[in-house]
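**Student:** Predicted coordinates and the sequence they were generated for:
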Amino acid sequence: MDDFDLSLGLTDTEKERVAGSEKTETEDEATQRELEEGRLPAILGYVPFLFFVPLFGARNNNFAVRHGRQAFFLFIIEILALLFLIDVVSEFFWTLVFVACLGLALVSCVNAAQGKFWQVPYLSDIINKIDFFRGH
């Protein structure tokens with residue numbers, strides 16, 4: 001049961017083409033030895049604050065390093081989430097967002113008074129992609 005068929009309905013010709021195609025770093029399959037040596041460091045990497053175990057302790061193991069990089073970015077997101085649980089940090093962030101929105105509204109208002117249309121950077125790109133309240 002170690003071998004899985006992930007062909008998902010591919011024909012034999014398509015399977016051969018996929019098997020013969022060049023693989024990128026993210027598509028490389030780990031060898032059995034890499035799996036055995038890298039499994040424990042990869043698992044430990046997902047424990048908060050231990051992402052460095054696969055990154056530095058098994059840096060020659062591609063399997064462990066790829067899990068270590070992923071664990072590192074998950075750790076960063078966890079830290080950011082924890083920061084927002086602190087009332088002072090969360091309150092400061094949302095106050096900053098509110099003040100920025102007021103400033104952007106003021107700039108847009110001044111441009112409207114001058115007969116110009118000013119698009120808010122990044123926000124206008126998102127708005128233009130959404131077919132919502134589109135004018136004629």
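**Tutor:** Noted; the coordinates are in hand.

**Student:** isn't Y46 right up against A71?
**Tutor:** Yes. Counting by CB atoms under 8 Å, a contact exists between Y46 and A71, whose distance comes to 4.9 Å. Where you see a C-beta, it was placed from the backbone N, CA and C, and this is true even at glycine.

**Student:** Neighbour count: these two, which is higher?
**Tutor:** More neighbours surround A71 than the other of Y46 and A71, with 25 against 16 (other CB atoms under 10 Å).

**Student:** Does the more buried one belong to a helix, a strand or coil?
**Tutor:** Three-state assignment for A71 (DSSP: H, G, I helix; E, B strand; the rest coil): helix.

**Student:** which ones are touching it?
**Tutor:** By CB atoms under 8 Å, 6 or more residues apart in numbering, the residues touching A71 are G45, Y46, L50, F51, P54.

**Student:** Now, the residues you listed that are in helices?
**Tutor:** In helices, judged by DSSP state H, the following of the contacts of A71 are found: G45.
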